[in-house]
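Enquirer: 3D model of this:
(one chain, ligands or ions: 2)
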Amino acid sequence: MCDPTAIARAILDAEALVKAIAPFSDTEPDLDLDTAYAVQRIVIQAKLDAGERIVGAKLGLTSRAKQQAMGVSDPLYGWLTSGMVAATGVPLDLSGLIHPRVEPEIAFLIGEELRGPATVTSVLDATEAVFGALEVLDSRYEDFRFTLPDVVADNASSARFVLGSVALPPAQAGDLRLTGVVLRRDGEVVATAAGGAVMGHPAASVAWLVNQLAERRESLPAGSLVLSGGLTAPVPLGPGSCVSAEFDGLGSAEVFA
Ligand code: OOG
Ligand code: MG
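Expert: Ligands and ions are numbered 1, 2, ... in the order given. Sure thing, here's the model as predicted:
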């Protein structure tokens with residue numbers, strides 16, 4: 001079934017039914033990246049047709065920690081929609097999620113439209129504010145088992161996200177390569193990292209996105225919020241658990257269920 005519409009429908013049904021499916025690569029080993037991004041666009045369009053808005057973009061598999069955890073060694077991008085914004089300070093509703101996992105990220109609020117070719121410097125110049133963030137992933141595939149085209153088609157496992165308590169212009173945020181993060185589950189430290197874990201500099205990941213979009217003659221609009229990619233391996237979020245991340249200079253973020 002290398003028909004992008006049929007693949008998109010299966011992914012949307014898995015999300016709606018809260019029931020994981022086998023990765024398409026099991027039966028369609030030839031599914032290529034271009035087709036996978038075409039599927040992703042159909043999935044996003046269905047969300048827009050249902051009344052959601054695009055609020056930004058996300059990068060995935062931009063750190064070695066994430067690449068090793070998922071067994072996929074190339075980055076990818078996806079889109080964040082209004083339905084993914086999780087409320088802070090209240091328990092996350094797990095009922096619509098299959099097997100959520102949480103990971104700490106550095107987020108960028110882009111103040112001016114970004115066109116390729118982009119660099120760390122041009123991204124920082126166009127950035128209005130940076131935040132600490134937690135992304136809640138939920139692969140629509142069984143056991144988070146996927147190839148790069150599978151996970152591209154599934155909009156990079158996007159599900160929910162929360163921003164941390166502090167927003168700073170990049171000039172006041174210090175050297176983001178050195179921004180430390182401590183990830184805790186139920187109070188216990190489960191991972192630590194620094195911003196440089198993502199492509200040497202988290203803004204390099206945003207630049208990579210902008211350069212990918214440029215190949216399609218697209219730009220990243222002003223007002224986009226961009227999650228630059230998990231800094232550590234993700235941790236599962238079950239009922240009664242709490243995952244928090246403290247970011248040096250950027251406050252903390254928390255999700256609990
Ligand atoms: C794919 C999404 C990756 C990240 O930050 O690395 C991602 C996954 O791990 O399920 O969001
Ligand atoms: Mg992520």
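
Enquirer: spatially, what comes nearest to whatever residue of the chain ends up closest to ligand 1 if we skip its sequence neighbours?
Expert: The nearest approach of the chain to ligand 1 comes at Gly60, 2.8 Å away (C-beta to the nearest ligand atom). The C-beta positions use only the backbone N, C-alpha and C, and glycine is treated the same way. Nearest residue to Gly60, sequence neighbours excluded (C-beta to C-beta, 6 or more residues apart in numbering): Ala156, at 4.1 Å.

Enquirer: what residues does the chain have near ligand 1?
Expert: 58, 60-61, 66, 70, 103, 135, 137, 139, 144, 151, 156-157, 229-230 (C-beta under 6 Å from any ligand atom).

Enquirer: intersect the residues you listed with the contacts of ligand 2.
Expert: 135, 230 (C-beta under 5 Å from the ion).

Enquirer: out of the residues of the chain next to ligand 1, which are inside strands?
Expert: Among the residues of the chain next to ligand 1, DSSP state E puts 58, 60, 103, 135, 137 in strands.

Enquirer: tell me which element Ala14 falls in.
Expert: helix 4-17 (DSSP states H and E).

Enquirer: and the closest residue to ligand 2 within the stretch 1-150 of the chain, what are its bridge partners?
Expert: Ligand 2 sits closest to Glu135 of the stretch 1-150 of the chain, with a gap of 4.0 Å, by C-beta to the ion. Here Glu135 sits in beta bridges with Glu103, Phe161, as judged by DSSP bridges.

Enquirer: circling back to that earlier point, quick one: the helix holding Ala14 to chain centroid distance?
Expert: How far helix 4-17 lies from its chain's middle: 19 Å, per C-alpha atoms, centre = their mean, to the nearest Å.

Enquirer: packing partners of that helix?
Expert: helix 33-49, helix 148-153 (3 or more C-beta pairs under 8 Å, 6 or more residues apart in numbering; DSSP states H and E).

Enquirer: please repeat the previous calculation with a cut-off of 7 Å.
Expert: Applying 3 or more C-beta pairs under 7 Å, 6 or more residues apart in numbering; DSSP states H and E, one finds that helix 4-17 contacts helix 33-49.

Enquirer: picking up where we left off before, how much space separates the residue nearest to Gly60 from Leu227?
Expert: Using C-beta to C-beta, to the nearest Å, Ala156 is found at 9 Å from Leu227.

Enquirer: settle it for me: which of those two has more neighbours?
Expert: Leu227 (31 against 24; other C-beta atoms under 10 Å).

Enquirer: surely that one touches Glu103?
Expert: No: shown here, Leu227 and Glu103 do not form a contact pair, counting by C-beta atoms under 7 Å, at 9.4 Å.

Enquirer: mutual contacts of these two, please.
Expert: Glu135 (C-beta atoms under 7 Å, 6 or more residues apart in numbering).

Enquirer: leaving out chain neighbours, which residue sits closest to the residue nearest the centre of the chain?
Expert: For the chain, the residue sitting closest to the mean C-alpha position, by C-alpha atoms, centre = their mean, is Lys58 at 4.1 Å. Distances taken as C-beta to C-beta, 6+ apart place Leu227 nearest to Lys58, at 4.1 Å, with adjacent residues excluded.
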